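> Below is the sequence, then the predicted model.
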Amino acid sequence: MDGATAKPPLHTLRPSRATAANRLFAAVYTCAIFSLLYSHTLSLLRSDTLLSFSVSLLFLLSDALLGFMWSTAQSFRLRPVHRQAFPENLPPLLDFPAVDIFVCTADPYKEPPVNVVNTALSVMAYDYPTEKVSVYVSDDGGSVMTLYAFMEAAKFGKYWLPFCRRKKIVERCPDAYFRNHHTKCSETEEIKMMYKSMKGRVENVVERGKVEDEYITCEKEREAFNKWTEGFTRQDHPTVIQVLLDNGRDKDIAGQFMPNLIYVSRQKSKTSPHHFKAGALNALLRVSAIMTNAPIILTLDCDMYSNDPQTPHRVLCYFHDPEIKSKLGYIQFPQRYHGLNKDDIYASEYKRLCICNPVGMDGFAGPSYMGTGCFFSRRVFFGGPSSFVTPEIPELSPAHTVDKPTQAQSVLALAHHVADCKYENETNWGSKLGFRYGSLVEDYYTGYRLLCEGWKSVFCHPERPAFLGDVPITLNDVLSQNKRWSVGLLEVAFSKYSPVTFGARAMGPVMGLCYAYLAFWPIWSIPITIYGFLPQIALLNGVSIFPKVSETWFFLYAFLFIGAYVQDCLDFTFAQGTFRRWWSDQRMWLIRGVTSYLFGLIEFVSKCPGIATHGFNVTSKVVDDEQGKRYDQGTFEFGVHSPMFVPLAAAAIINLIALIRGLIGVFRGWNLEGLFVQMFISGFVVLNCWPVYEAMVLRSDKGRMPTKTTMVSIFVAWALYAIASLILKM
Ligand SMILES: O=c1ccn([C@@H]2O[C@H](COP(=O)(O)OP(=O)(O)O[C@H]3O[C@H](CO)[C@@H](O)[C@H](O)[C@H]3O)[C@@H](O)[C@H]2O)c(=O)[nH]1
Ligand SMILES: [Mn+2]
């Protein structure tokens with residue numbers, strides 16, 4: 001290539017240096033796994049009692065599942081790549097494509113409207129031609145409070161946007177900006193006051209549960225609020241579409257046009273399924289098609305605000321590249337979070353899911369869609385790159401140009417029509433068009449189906465996080481969220497689109513395995529639960545079930561354990577994690593194993609025939625002051641009784657007692673050699689369960705383990721022990 005005429009690159013791709021080492025280790029480790037399975041099979045065949053047969057069978061099952069999950073995880077290590085984008089190399093006279101931004105919210109009490117507004121403002125203030133930006137808010141909560149909040153945001157935005165532009169502010173989410181910057185500049189003070197007073201009004205309205213007369217400033221607003229008539233409920237109401245800012249009409253205080261800001265609450269009726277977030281996004285896809293039909297779409301959760309106004313430029317580095325553009329379906333940014341405590345006790349960072357795995361998939365077809373922080377080409381929602389699926393009406397087609405103003409009568413009428421709850425009946429929406437239905441993790445499932453259709457995706461992971469979101473701060477919220485994901489993932493794993501069959505055929509075996517890693521995520525619960533109880537109960541009875549320290553098989557166990565843990569730790573720390581955060585991460589993996597994965601699996605299996613559908617329990621983003629304080633200090637928050645805490649607490653109790661019993665036994669002459677592995681496992685679990693013991697006995701704050709949960713757990717632990725002892729004595 002001629003250096004002088006070569007254009008500077010828009011983006012580069014560098015294979016990770018760890019690739020060769022990863023592959024070598026994978027080969028060795030595979031042999032080790034097969035040897036272990038071989039040894040289990042041998043002891044299964046040689047077992048002479050029912051007891052030893054059952055134990056061998058359980059170990060064979062656990063280790064086979066662990067081996068399977070391990071093999072799926074290797075797919076991410078075969079060809080990890082790191083990308084870099086160079087927005088500064090974009091052509092100076094670029095014709096910027098329009099962008100439609102979707103912000104989803106579903107519950108004004110769990111997702112405070114003032115936070116949703118902050119997210120919207122942060123993207124309205126992108127460094128991007130404002131006439132090309134449209135922000136659509138989907139309100140599945142159908143709440144007048146949210147609409148009110150956005151009316152206020154529209155007014156405040158007229159000050160905020162020019163302020164950000166003039167001061168070249170990078171943090172364009174007002175709340176984050178005022179939280180992190182303290183200046184004495186009078187202009188900043190003034191706008192801060194304005195923000196505070198808006199926030200106060202919105203919070204007042206939420207507290208009172210309705211918009212009082214004093215807050216309504218004009219006839220147009222009153223008209224909008226009048227749509228909330230007597231029978232208007234969250235589950236049953238007509239469509240509300242309100243254009244709050246019109247980029248052809250409304251200007252900010254500096255005289256520049258504002259971006260579009262459009263509030264949409266799709267029609268709901270108790271008799272029509274609404275498909276949760278996927279349904280909301282499809283309604284927005286259609287409404288936006290009628291009103292603006294931008295070729296690029298950004299989807300955001302209501303808590304994921306923009307942390308970098310240059311993000312759309314980064315995205316254009318890929319969408320603008322003629323070499324990849326025809327097949328490029330979406331560009332995913334990692335989910336990053338603000339407000340994590342130092343050691344990230346709940347491992348909410350999900351470093352593996354959000355960063356390591358996408359980097360691994362990017363070397364093949366590309367990362368999965370993570371629900372938020374993702375820029376799509378609108379075209380992906382209408383069939384594969386070379387097989388267009390025509391929507392029912394021509395106005396919805398991605399090629400259609402909108403030639404009427406957003407507020408034209410005919411445009412509004414059609415927009416209302418496509419937001420109708422019966423609109424999707426007998427159409428391809430949710431199956432071949434738009435976001436896909438059928439799983440509670442609509443993001444994972446939709447991305448998966450798109451890649452199966454032949455689209456490619458890109459993982460864009462800049463140094464400065466492009467978006468920042470909230471994390472749940474109580475253990476119960478964390479585990480409930482995780483349980484929802486577990487159910488949703490299993491819905492994909494055991495469907496006709498399972499990644500191990502359909503996925504592997506459509507995208508090749510490696511991508512199939514990548515997707516299988518997540519789809520089968522909850523089955524970690526089986527080996528974790530078995531290893532969390534079986535060796536300990538045997539230990540309590542003085543029965544040895546692992547090889548002696550002097551036997552060769554012992555070294556195999558040692559290698560498998562240390563190998564997996566060291567590799568995991570290295571992966572984590574190489575991805576800019578600290579050792580203590582890694583410790584939290586592996587601890588949460590164990591905790592999830594006996595709680596959310598297990599309950600998700602049970603819930604999925606027990607409802608399998610598919611009559612009752614599983615609900616989408618929205619994660620709370622409200623922070624109680626005391627809980628927030630405890631979270632910041634790194635204390636686990638139990639607080640409420642939850643059935644999920646029971647197996648966790650029971651495991652903690654059994655492991656502690658088993659360890660103590662083992663130690664006493666060894667002093668009294670038990671054979672340490674034969675019991676060492678069991679004692680080691682108990683000791684390891686005890687170390688991990690420290691916060692559980694604290695919560696049960698040492699703490700007195702409101703976040704401690706409720707006495708009821710402790711009692712139930714003691715009973716369960718005792719019952720398990722009693723049953724096992726009976727069996728052993730038979
Ligand atoms: O009926 C619904 C339910 C939820 N949401 C919105 O979906 C988003 C995600 O909900 P949240 O409760 O925050 O779920 P999380 O588990 O935190 O979200 C992760 O997992 C979801 C799938 O389970 C993905 O949709 C999200 O993008 C991903 O961040 C929020 O903006 C909600 O307002 C709706 O619009 N309608
Ligand atoms: Mn969330």
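Arrived safely, thanks for sending. All values reported here derive from a predicted model rather than from experimental measurement. Numbering: from 1, shown residues only. Ligands and ions are numbered 1, 2, ... in the order given.
> pretty sure residue 37 is in a helix, no?
Yes - per DSSP: H, G, I helix; E, B strand; the rest coil, residue 37 lies within a helix segment.
> contacting residues for it?
Counting by C-beta atoms under 8 Å, 6 or more residues apart in numbering, residue 37 makes contact with 60, 63-64, 67. For every residue, glycine as well, the C-beta is placed using N, CA and C.
> tell me the two of those that are most distant?
60 and 67 (10.3 Å; C-beta to C-beta).
> hey, where'd the strands end up in the stretch 201-350 of the chain?
240-245, 260-265, 296-301, 305-306, 328-332 (DSSP state E, counting those that start in this stretch).
> Ok, the chain next?
11-15, 81-85, 99-105, 133-139, 240-245, 260-265, 296-301, 305-306, 328-332, 374-377, 456-459, 467-468 (DSSP state E).
> Need the winner for burial among those.
strand 305-306 (a mean of 29; mean count of other C-beta atoms under 10 Å).
> ok, residue 145 to residue 336 distance?
28 Å (C-beta to C-beta, to the nearest Å).
> Ignore what I typed, I meant residue 503.
Taking C-beta to C-beta, one finds residue 503 at 27 Å from residue 336.
> The two: who's more crowded?
residue 503 (24 against 19; other C-beta atoms under 10 Å).
> wait, does stretch 467-485 contact ligand 1?
Yes - interface with ligand 1: stretch 467-485 contributes 481, 484-485 (C-beta under 6 Å from any ligand atom).
> Quick one: end-to-end distance for that stretch.
Stretch 467-485 stretches 21 Å from its first residue to its last (C-alpha to C-alpha, to the nearest Å).
> Mark out where each domain of this protein begins and ends.
19-77+499-729, 87-471 (automatic domain parsing).
> Which residues of the stretch 601-730 of the chain lie near ligand 1?
So far as C-beta under 6 Å from any ligand atom goes, the stretch 601-730 of the chain lies against ligand 1 at 616, 618-619.
> follow-up on the earlier one: mind putting the strands of the stretch 201-350 of the chain into JSON lines with distance to residue 429 and mean pLDDT?
Converted to JSON lines, the strands of the stretch 201-350 of the chain look like this (distance: least, C-beta to C-beta, whole Å; pLDDT from 0 to 100):
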{"stretch": "strand 240-245", "distance to residue 429": "18", "mean pLDDT": "97"}
{"stretch": "strand 260-265", "distance to residue 429": "16", "mean pLDDT": "98"}
{"stretch": "strand 296-301", "distance to residue 429": "15", "mean pLDDT": "98"}
{"stretch": "strand 305-306", "distance to residue 429": "29", "mean pLDDT": "98"}
{"stretch": "strand 328-332", "distance to residue 429": "18", "mean pLDDT": "98"}
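> can I get these in TSV with distance to residue 470?
Shown next, in TSV, are those (distance: least, C-beta to C-beta, whole Å):
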stretch	distance to residue 470
strand 240-245	24
strand 260-265	22
strand 296-301	9
strand 305-306	9
strand 328-332	19
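> Of all these, which one is nearest residue 570?
Of all the strands of the stretch 201-350 of the chain, strand 328-332 comes closest under C-beta to C-beta, at 24.5 Å.
> Tell me which of the contacts of residue 37 fall in helices.
60, 63-64, 67 (DSSP state H).
> Which one (most neighbours) among those residues?
Neighbour-wise, those (other C-beta under 10 Å) top out at residue 63, 21 neighbours.
> from what I can see that one touches residue 40, true?
Yes - using C-beta atoms under 8 Å, residue 63 is in contact with residue 40, at 6.2 Å.
> Just give the nearest non-adjacent residue to whichever residue of the chain sits closest to ligand 1, would you?
Nearest residue of the chain to ligand 1 (C-beta to the nearest ligand atom) works out as residue 371 at 2.0 Å. Counting by C-beta to C-beta, 6 or more residues apart in numbering, residue 371 lies nearest to residue 443, which is 3.3 Å off, once chain neighbours are set aside.
> Please list the residues of the stretch 51-200 of the chain that sit near ligand 1.
104-106, 111, 138, 140.
> which regions of the stretch 51-200 of the chain lie under the pLDDT threshold?
Within the stretch 51-200 of the chain, no stretch falls below the threshold (pLDDT under 70).
> which residues sit in contact with the residue nearest the centre of the chain?
In the chain, the residue lying closest to the centroid (C-alpha atoms, centre = their mean) is residue 370, at 6.0 Å. Going by C-beta under 8 Å, 6+ apart, residue 370 touches 332, 334-335, 353-354, 358, 443-444, 447.
> can we see that at 10 Å?
By C-beta atoms under 10 Å, 6 or more residues apart in numbering, the contact list for residue 370 reads 299, 301, 332-335, 350, 353-354, 358, 441, 443-444, 447, 459.
> near ligand 1, from those residues?
Within the contacts of residue 370, those near ligand 1 by C-beta under 6 Å from any ligand atom are 301, 441, 443.
> and the first one, what does it touch?
Pointing back at residue 301 there. 102-106, 111, 116, 119, 277, 335, 370-373, 443, 467, 469-470, 619, 621.
> again, only this time at 6 Å
residue 372 (C-beta atoms under 6 Å, 6 or more residues apart in numbering).
> So which residues on the stretch 251-400 of the chain come close to ligand 1?
So far as C-beta under 6 Å from any ligand atom goes, the stretch 251-400 of the chain lies against ligand 1 at 276-277, 280, 301-302, 371-372.
> Show me the shaky parts of the stretch 501-650 of the chain.
Using pLDDT under 70, the flagged stretches of the stretch 501-650 of the chain are 608-613.
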